[in-house]
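Asker: The following comprises the amino acid sequence and a computationally predicted model.
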Amino acid sequence: MSTETEPASIPSTPTTPLTATSTSASTASLPRSPSLFSAFTYPVSYTVSGLIRRIAADDAPTPLARALSANFNGSMIDSTYQPGPKRHLSPFQPPPLTPLTLSGWRDSTSHSSRLLSKSIAEETRLLIPPRLQLVDEWRLIYSLEQNGTSLASLYGLCEQYRGKRGGFVLAIRDGEGGLFGAYLSDAPHPSAHYYGTGECFLWRCFRLPFLPDLASLPPPPSEDTTHLGRMTTIADLSKTSSETSLSRRSSHPLRFKAFPYTGENDFTILCGHGYLSVGGGNGKYGVWLDDRMARGVSDSCPTFDNEPLSESGTKFDVLGVELWYIGA
């Protein structure tokens with residue numbers, strides 16, 4: 001009789017549900033992949049933690065900061081205001097300029113033919129560069145009365161002064177008896193281009209038509225002051241005191257006006273074999289002379305913003321020309 005044996009029962013593996021502890025443990029064991037959120041939050045957290053460390057650290061200032069803080073707090077808070085030492089005007093003043101000496105005229109040259117007087121020269125002296133104001137002797141290079149009516153003669157006499165750090169004063173007398181001219185930083189010579197510096201300026205001298213007592217007053221408000229420039233009322237210092245006192249009733253005081261360089265352009269000096277000119281622009285010249293020293297032109301130009309220098313108008317006849325040298 002056969003007996004059937006039941007197969008041994010296979011023990012079943014108990015199924016345990018996954019708990020939070022087991023899940024977190026398994027998750028922690030796995031490598032964590034970087035995320036976009038951590039890429040942005042890490043720099044911020046690093047910066048914040050760095051600031052916290054700096055605040056929590058020793059906040060003792062550096063020696064430089066400590067010194068600056070002490071000076072600031074000591075002078076502005078802890079102590080009263082201490083004014084600095086009182087400054088006084090220095091008693092040492094530059095010595096006055098010695099009187100000018102004009103040399104170069106011949107004994108045969110009459111006083112009426114001499115253009116530049118000491119009074120006009122002294123006014124011009126105040127406007128030239130300071131290094132040349134100390135020169136107390138001006139030398140006559142060219143005179144229409146002594147050297148003839150030729151521009152070539154003027155260029156030839158100026159040749160030896162080229163390259164020197166001196167100055168030149170040009171004086172012109174027109175047909176109406178007016179006197180005007182220019183200060184030149186370079187010796188006049190023929191050139192295809194403009195030359196000269198901003199030290200150049202134009203000037204004119206004319207007699208006042210009104211009373212001598214009112215000559216020293218400024219121009220009235222109704223007068224056109226567009227080209228005012230520098231104005232000074234002067235007397236003729238070339239005469240002696242007795243001659244001046246005798247001629248005061250009949251003569252009029254002189255008005256000196258200067259027109260400095262404006263910087264509008266660089267058209268200061270332009271000379272050729274047939275002309276000499278100072279200032280230019282817009283087809284006009286401040287001063288222009290022909291090669292025979294017989295006729296000239298003067299008009300308002302941007303270089304000096306001047307008025308026409310001659311009382312005859314834009315064109316004038318030339319009665320006299322002088323060129324003076326200032327320097328060693």
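Answerer: Done, it's in.

Asker: Quick check: phi and psi on residue 49?
Answerer: Here is the backbone geometry of residue 49 (degrees, to the nearest 10): phi -70, psi -30.

Asker: State the distance from it to residue 43.
Answerer: 11 Å (C-beta to C-beta, to the nearest Å). Placement of C-beta: from N, CA and C, glycine included.

Asker: do residue 295 as well
Answerer: Taking C-beta to C-beta, one finds residue 295 at 85 Å from residue 43.

Asker: Need the single longest strand in this structure, by residues.
Answerer: What stands out as the longest strand in the chain, according to DSSP state E, is strand 315-326.

Asker: The stretch 201-328 of the chain: strands as residue ranges?
Answerer: Counting by DSSP state E, counting those that start in this stretch, the stretch 201-328 of the chain has strands at residues 201-207, 230-234, 254-260, 269-272, 275-281, 284-290, 295-297, 315-326.

Asker: Adjacent strands (with direction) for the first one?
Answerer: Okay, so that is strand 201-207. According to DSSP bridges, strand 201-207 forms sheet pairs with strand 179-184 (antiparallel), strand 254-260 (antiparallel).

Asker: try the longest one
Answerer: Under the criterion DSSP bridges, strand 315-326 sits next to strand 137-143 (antiparallel), strand 167-174 (antiparallel), strand 295-297 (antiparallel) in its sheet.

Asker: Out of these, which is the most enclosed?
Answerer: strand 167-174 (a mean of 24; mean count of other C-beta atoms under 10 Å).

Asker: how about the strands of the stretch 201-328 of the chain, which one is nearest residue 100?
Answerer: Proximity to residue 100 (C-beta to C-beta) singles out strand 315-326 among the strands of the stretch 201-328 of the chain, at 9.7 Å.

Asker: returning to what we had before: mind putting the strands paired with strand 315-326 into CSV with distance to residue 260 and mean pLDDT?
Answerer: CSV is the format used below for these (distance: least, C-beta to C-beta, whole Å; pLDDT from 0 to 100):
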stretch, distance to residue 260, mean pLDDT
strand 137-143, 20, 97
strand 167-174, 14, 97
strand 295-297, 21, 98
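
Asker: Pipe those strands into TSV and attach distance to residue 308 per row.
Answerer: Shown next, in TSV, are those (distance: least, C-beta to C-beta, whole Å):
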stretch	distance to residue 308
strand 137-143	24
strand 167-174	11
strand 295-297	9
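
Asker: so which of those strands gets nearest residue 151?
Answerer: Residue 151 lies closest, by C-beta to C-beta, to one member of these: strand 137-143, at 9.6 Å.

Asker: what angle do the strand or helix carrying residue 156 and strand 137-143 make?
Answerer: In this structure, residue 156 sits in helix 151-158 according to DSSP states H and E. If you take axes from the mean of the first three to the mean of the last three C-alpha atoms, to 10 degrees, helix 151-158 sits at 150 degrees to strand 137-143.

Asker: any idea how far residue 156 is from residue 49?
Answerer: Taking C-beta to C-beta, one finds residue 49 at 89 Å from residue 156.

Asker: Tell me which of those two has more neighbours.
Answerer: More neighbours surround residue 156 than the other of residue 49 and residue 156, with 13 against 10 (other C-beta atoms under 10 Å).

Asker: Next up, phi/psi of residue 133, please.
Answerer: phi -70, psi -20.

Asker: Who are the contact partners of it?
Answerer: 97, 125-126 (C-beta atoms under 8 Å, 6 or more residues apart in numbering).
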